[in-house]
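Participant: return a 3D structure for these sequence lines:
(one chain, ligands or ions: 2)
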Amino acid sequence: MVDILPEETPLWQSMETAALEVLSSYGYSEMRLPIIESTDLFARSIGEVTDIVEKEMYTFADRNDDSMTLRPEGTAGCVRAVVQHNLAVTPQRLWYMGPMFRYERPQKGRQRQFHQLGVEAFGVATPDQDAELIAICRQLWRRLGVDDALQLEINNIGSADDRARYRDALVAYLSQHRNQLDADSQRRLESNPLRILDSKSPDTQAVLDGAPGLQDYLDDTTQSEFQVLLGYLDALGVRYVLNPRLVRGLDYYNKTVFEWTTEHLGAQSTVCGGGRYDSLVETFGGKATPAAGFAVGLERLTLLMQALDITVSTPADLYVITADENAYQHSLPRLDALRRQFPDIDIVQHLGGGSFKSQFKRADKSGAAWALVYGEAEVAAGQVTLKPLRAEAEQQTIPDAELEAFLAGYLATAQSA
Ligand code: ATP
Ligand code: MG
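Facilitator: Ligands and ions are numbered 1, 2, ... in the order given. Now for the predicted structure:
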């Protein structure tokens with residue numbers, strides 16, 4: 001589990017702000033959900049025979065001996081809440097953000113506590129919903145400057161019936177090549193054969209090259225709906241790659257599944273994954289309600305932004321230096337008033353006293369644009385000195401009363417820059 005240090009938080013805040021603004025602009029509302037749910041919620045929705053439920057969950061007995069789990073993903077809890085609070089009205093557009101927990105081998109882009117942005121939409125069965133979700137992703141990528149580095153992979157995995165028919169054909173084929181499959185895949189041949197398509201083993205992938213394709217088992221309606229979705233993506237100008245092996249690691253998906261992947265992050269290349277899950281609301285005891293959603297892995301998104309040298313820094317605008325106790329007291333009501341009038345200007349005041357020289361050193365180190373100085377002479381004359389620390393500008397001593405005009409000008413230049 002990883003600490004996110006002050007150096008990195010501006011990047012996180014920029015993601016959070018972008019998510020809030022993009023999702024609000026599409027009419028999505030935020031939900032805040034518990035981090036702990038009862039274990040069976042995940043077993044029932046994600047699937048008993050998945051990596052997550054088989055080996056990645058943080059599960060414990062609470063004091064009442066109830067089995068509880070730190071959420072490994074957000075969709076299960078979101079659907080639980082939607083059913084519990086009767087939110088499955090049409091359409092219902094929701095999002096949430098927060099930590100998820102999986103007991104995995106920690107490595108770059110893979111942590112035991114990580115963060116996701118989850119977006120879920122309920123009530124719309126048609127592919128315009130899928131298109132909207134994908135368009136939202138792209139708006140977010142654009143806002144963060146990672147649009148060019150991400151590629152959309154998409155697949156149609158059909159209905160549960162389609163997959164049941166395909167499953168039989170796949171098992172028949174793979175059984176003939178059982179010995180060439182990796183151990184996990186051999187085990188999954190009985191329990192969850194579709195997941196074999198997702199195997200990372202080159203030997204298994206080689207066997208799969210000759211396997212029957214799911215596409216041949218999809219009924220006509222699903223096929224044509226998927227073509228409609230691809231048409232919408234063309235209209236949006238979203239480029240995509242059709243990936244027939246994309247099945248996703250969770251059981252609840254049907255029809256459209258997609259992932260956004262990048263070449264910049266090595267093995268952990270998927271930044272976002274999602275798709276349709278039309279039967280999950282019913283599984284949780286709600287009225288049958290079509291649904292679709294996606295989750296963005298925020299650590300991987302920060303890694304991608306870093307790989308692309310996208311930096312977000314928030315140095316202060318003003319660093320305030322005072323000569324002595326008298327000057328400090330003099331500055332207090334002035335700064336208080338300025339902060340109220342200019343909430344967008346960051347004003348950091350030097351604390352703890354010290355010589356002018358040492359205060360200026362700190363001012364320099366702070367990265368602030370200007371030092372604002374109340375020396376003995378300034379206080380006596382009702383003036384203030386402004387010394388540029390970053391900007392190409394002259395040092396100036398002005399009447400204290402003209403500070404507002406100076407700051408208004410500073411703000412106008414900063415905002416137009
Ligand atoms: P992977 O194949 O990388 O294990 P997954 O299919 O398990 O991914 P999902 O459950 O679809 O992942 O989660 C959505 C996104 O959350 C992933 O695409 C990834 O960006 C992120 N994610 C998943 N697990 C982790 C983790 N352990 N650490 C950091 N990010 C993660
Ligand atoms: Mg995983």
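Participant: can you tell me the number of residues neighbouring the residue lying closest to Q180 once chain neighbours are set aside?
Facilitator: Leaving aside its sequence neighbours, Q180 sits nearest to V207 (CB to CB, 6 or more residues apart in numbering; 5.1 Å). (Each C-beta comes from the backbone N, C-alpha and C, glycine too.) Neighbour count of V207, defined by other CB atoms under 10 Å: 21.
Participant: list the buried residues for whatever helix or strand V207 lives in?
Facilitator: V207 is part of helix 202-208 when elements are defined by DSSP states H and E. Residues 204, 207-208 are the ones in helix 202-208 that count as buried (16 or more other CB atoms under 10 Å).
Participant: would JSON lines of the residues you listed with distance to K357 be doable?
Facilitator: What follows is the buried residues of helix 202-208, written out as JSON lines (distance: CB to CB, whole Å):
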{"residue": "T204", "distance to K357": "68"}
{"residue": "V207", "distance to K357": "73"}
{"residue": "L208", "distance to K357": "70"}
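Participant: R93: which of those residues is nearest?
Facilitator: L208 (36.8 Å; CB to CB).
Participant: residues contacting the closest one?
Facilitator: For L208, the contact set (CB atoms under 8 Å, 6 or more residues apart in numbering) comprises 196-197, 199, 245.
Participant: repeat that for P99.
Facilitator: 35, 113-115.
Participant: again, 7 Å this time
Facilitator: Contacts for P99 (CB atoms under 7 Å, 6 or more residues apart in numbering) come out as 35, 113, 115.
Participant: so of these, which ones are in helices?
Facilitator: Among the contacts of P99, none falls in helices (DSSP state H).
Participant: which among those end up buried?
Facilitator: H115.
Participant: can you list the contacts of P99 in CSV and add distance to ligand 1?
Facilitator: Output for the contacts of P99, formatted as CSV (distance: CB to the nearest ligand atom, whole Å):
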residue, distance to ligand 1
I35, 15
Q113, 8
H115, 8
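Participant: tell me which of the buried residues of helix 202-208 is nearest to ligand 1?
Facilitator: When the buried residues of helix 202-208 are ranked by distance to ligand 1 (CB to the nearest ligand atom), T204 comes first, at 15.4 Å.
Participant: show the contacting residues for that closest one.
Facilitator: With CB under 7 Å, 6+ apart, T204 has these contacts: 181-182, 185, 196.
Participant: redo that, cut-off 8 Å
Facilitator: By CB under 8 Å, 6+ apart, the contact set of T204 is 180-182, 185, 196.
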